[in-house]
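**Student:** Predicted model and sequence follow; I will ask about them next.
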Amino acid sequence: MQDLPSDRDALQALLDFHVEAGVDLALDETPHNRFAEPKAEPAQAKAPAPKAGPAAPPPRALPKAAAAAPEEVAGMAREQARHAQSLEELEAILAGFDGCALKFSAKNLAFADGNPEGRVMLVGEAPGADEDRIGKPFMGRSGQLLDRMLATIGLDRSQVYVANIVPWRPPGNRTPTPQEIAICKPFIARQIELASPEFLLCLGGPAAQNLLGIKDGILRTRGRWFTYKAEDGREIKALPTLHPAYLLRQPLQKRLGWRDFQALRRALDGRE
Ligand code: URA
């Protein structure tokens, strides 16, 4: 393994560098230098006698459910989510659900924030580091921008309900895979059904595409009203908009986000 600096400041700088780069999660007890691992012996060569030394820690085994085929796990998720008769029950079921491997690298389940009685529900993609630490959606910089945008239309978190399509943080903030989304989808669908908002704001492409079944990218669909069809047959007016994390990276696009929030305000006032 690469030599580590010995003084404290240099070690801290190295750690900071990794965190900045999104490497802020240890998936194993000890680091492995994959580049240094010996090449496989040719087939006919005899396997070398095992060397004495400290045994490598066993790989962290995922529970059986997380290792099953995604369609099978998605079926289990649908079955379990259907049983929840309240948001509290749904959160408890989700906390005990072992079918999504993200649960085992995340620190916390970030189920929801805000007021489930609110007229508006906002759904993002997946928790980041701050949300994972605190256990609630939209707690970091994106959440702060979201709060400022809500304030422009006279709303705050006591009036809206906030969740994500995937409630566990993907390691290093990577995008959740289609399988992870498919496994978590029955839970967010039930969460929407139980919260039963009047309006659904889909924050970013993945939320819009996965909840509304649309293929187009967010720049084409934002600002247009769609219908979200809940499994119980209820129809909810849904508006895709740009994700606050995108707006932090592309501040000039904030005007589009602002327009979408104005459209939501008009709809809340019965003017749309
Ligand atoms: N981005 C999301 O999509 N959700 C969060 O909770 C935080 C950042």
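**Tutor:** Alright, I've got the coordinates.
**Student:** Find the residue closest to residue 129 in space, skipping its chain neighbours.
**Tutor:** Closest residue to residue 129 apart from its sequence neighbours, by CB to CB, 6 or more residues apart in numbering: residue 24 at 6.2 Å. Heads up, the C-betas are built off the backbone N, CA and C, glycines and all.
**Student:** Could I get the contacting residues of the one you found?
**Tutor:** Neighbour list for residue 24: 18, 129, 172 [criterion: CB atoms under 8 Å, 6 or more residues apart in numbering].
**Student:** pLDDT score assigned to it?
**Tutor:** pLDDT for residue 24: 71.
**Student:** try the one 4 residues further on
**Tutor:** pLDDT recorded at residue 28 is 65.
**Student:** ok, so what distance separates the residue nearest to residue 129 from the ligand?
**Tutor:** 15 Å (CB to the nearest ligand atom, to the nearest Å).
**Student:** Could you do residue 173 as well?
**Tutor:** In terms of CB to the nearest ligand atom, residue 173 sits 8 Å off from the ligand.
**Student:** Could you double-check that that residue sits in contact with residue 129?
**Tutor:** Yes. Using CB atoms under 8 Å, residue 173 makes contact with residue 129 at a distance of 7.0 Å.
**Student:** Check the burial of the closest residue to the ligand within the stretch 1-150 of the chain by counting its neighbours.
**Tutor:** Residue nearest to the ligand within the stretch 1-150 of the chain: residue 124 (2.9 Å; CB to the nearest ligand atom). Neighbourhood size, residue 124 [other CB atoms under 10 Å]: 27.
**Student:** tell me which parts of this structure are close to the ligand?
**Tutor:** 124, 125, 126, 127, 128, 131, 137, 138, 142, 164, 245 (CB under 6 Å from any ligand atom).
**Student:** Those into a markdown table, with extra columns for pLDDT and secondary structure?
**Tutor:** As requested, these are arranged in a markdown table below (pLDDT from 0 to 100; DSSP: H, G, I helix; E, B strand; the rest coil):
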| residue | pLDDT | secondary structure |
| --- | --- | --- |
| 124 | 98 | strand |
| 125 | 98 | coil |
| 126 | 98 | coil |
| 127 | 98 | coil |
| 128 | 97 | coil |
| 131 | 98 | helix |
| 137 | 98 | coil |
| 138 | 98 | coil |
| 142 | 98 | helix |
| 164 | 98 | strand |
| 245 | 98 | helix |
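**Student:** Show me which positions of the helix or strand harbouring residue 149 end up buried.
**Tutor:** Element membership of residue 149 [criterion: DSSP states H and E] is helix 141-152. Across helix 141-152, burial judged by 16 or more other CB atoms under 10 Å covers 142, 143, 145, 146, 147, 149, 150.
**Student:** Just flag the most distant two among those.
**Tutor:** Pairwise distances across the buried residues of helix 141-152 (CB to CB) peak at 12.5 Å, for the pair 142 and 150.
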